[in-house]
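K.L.:
no FASTA, just this:
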């Protein structure tokens, strides 16, 4: 894509992204309010008072006594100004809660995504170059095993092996409890706590990328332009890097862009298993407490990230293969 067309493309996609996000916000609001349960009753139960007068005061305080369309309009105005409401359970603004937890989730999902893509593409390339060999069979078996195994079971087995038996890695949290660390020591401590949850979250996607890379590389390797390059005497390593792998990466990039947003959803389970303090666990706790404002805030943030990942995927398409024209 020419650089002169980039601003127009970003403008068109930006307008579409805003429309999509607003539609998602409205749908989430409708679904949350259609769910059974009364937030006012939950709050009253937590405070030990559940008489009708107290319930009426709570509904008035949180705007639950207003008509549905009024509640929706107030929420939309808040979203446009990044005012996502107030958490009755945490007694804090929702945006403050999310901003505290979001870096931990981005760190976890970013590490898992990088691990899955790099390791998956590497293993898929190795399997494609040695198709039919014992290494291809081993990689295929490993990929299918991780693809078919539930995330929570992988996480529990990793904790059992590396934390309980070998005692090499911590089993929960983002840092050592009761120890104040600074500088490189703090970074290394977070890194040790990150290894198991990132590996758990990334192994499933690693299997997907390995299988996809292998299949697309074998398909591209049979194309005429690859055969022509080999006939001209181009070194095999250069053929694989410049002709086969580069073209085989296009479907991998498409799939990775789609699944980058799904990693946020997968992080809910992983964060719960490893007590990782991210927005996934925040959403799980909010669901149990009927804290709808926090749930809507988490959904809003994840939808923004998914739309952003899709836009980045389109731009990467043009970088990997200049023949691809991205249209708004």
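P.N.:
Here it is on my side, so go on. These figures come from a predicted structure and were not determined experimentally. Numbers count the residues shown, from 1 in each chain.
K.L.:
element containing the spatially closest residue to residue 278 that is not a sequence neighbour?
P.N.:
Residue nearest to residue 278 in three dimensions, not counting chain neighbours: residue 105, with 3.4 Å by CB to CB, 6 or more residues apart in numbering. Glycine gets a C-beta too; all of them are placed from N, C-alpha and C. Using DSSP states H and E, residue 105 sits in helix 94-129.
K.L.:
by mean pLDDT, point me to the weakest helix or strand of this protein.
P.N.:
Least confident element among the helices and strands of the chain, by mean pLDDT, DSSP states H and E: helix 39-47 (a mean of 63).
K.L.:
buried stuff in the one helix or strand residue 247 maps to?
P.N.:
For residue 247, the element it lies in under DSSP H and E is helix 246-274. By neighbour count on 16 or more other CB atoms under 10 Å, the buried set for helix 246-274 is 247-250, 252-257, 259-261, 263-264, 266-274.
K.L.:
would you map the strands across this structure?
P.N.:
Remark: strands assigned in the chain by DSSP state E are 86-87, 92-93.
K.L.:
so which elements touch the first one?
P.N.:
If I follow you right, that is strand 86-87. Helices and strands touching strand 86-87, by 3 or more CB pairs under 8 Å, 6 or more residues apart in numbering; DSSP states H and E, are strand 92-93, helix 94-129, helix 292-320.
K.L.:
re earlier: average pLDDT for the helix holding residue 247, rounded please.
P.N.:
Per-residue pLDDT over helix 246-274 has a mean of 78.
K.L.:
can you name every helix or strand that the longest helix belonging to the chain contacts?
P.N.:
Of all segments of type helix in the chain, defined using DSSP state H, the longest is helix 183-221. Judged by 3+ CB pairs under 8 Å, 6+ apart, the packing partners of helix 183-221 are helix 94-129, helix 134-148, helix 151-158, helix 246-274.
K.L.:
ok and the second one relative to helix 183-221, angle-wise?
P.N.:
So the one you mean is helix 134-148. Helix 134-148 and helix 183-221 are oriented at 110 degrees to each other (axes from the mean of the first three to the mean of the last three CA atoms, to 10 degrees).
K.L.:
kindly report the same for the longest one.
P.N.:
Between the direction of helix 94-129 and that of helix 183-221, the angle (the same axes, to 10 degrees) works out to 50 degrees.
K.L.:
so which bits of helix 94-129 are buried?
P.N.:
In helix 94-129, residues buried by neighbour count (16+ other CB under 10 Å) are 94-95, 97-98, 101-102, 104-105, 107-109, 111-113, 115-117, 119-121, 123-129.
K.L.:
got it, and the second one?
P.N.:
The neighbour-count check on helix 134-148 (16+ other CB under 10 Å) flags 136, 139, 140, 142, 143, 146 as buried.
K.L.:
from those, which is closest to residue 237?
P.N.:
For the buried residues of helix 134-148, the residue nearest residue 237 by CB to CB is residue 136; the value is 18.4 Å.
K.L.:
please report how far the closest one lies from residue 246.
P.N.:
21 Å (CB to CB, to the nearest Å).
K.L.:
got any ranges where this protein has weak pLDDT?
P.N.:
Residues of the chain meeting the criterion pLDDT under 70: 1-6, 35-52, 54-55, 58, 60-64, 178, 261, 265, 317-328.
K.L.:
let's go with 90 and repeat that
P.N.:
1-22, 24-110, 113-114, 117, 121-122, 124-137, 139-140, 142-196, 199-328 (pLDDT under 90).
K.L.:
could you check how far the closest residue in space to residue 301 that isn't next to it in sequence is from residue 74?
P.N.:
Spatial nearest neighbour of residue 301, chain neighbours left out: residue 98 (5.8 Å); criterion: CB to CB, 6+ apart. According to CB to CB, residue 98 and residue 74 sit 19 Å apart.
K.L.:
what does residue 17 give?
P.N.:
Taking CB to CB, one finds residue 17 at 23 Å from residue 74.
K.L.:
ok, residue 222 next?
P.N.:
From residue 222 to residue 74 the distance is 59 Å (CB to CB).
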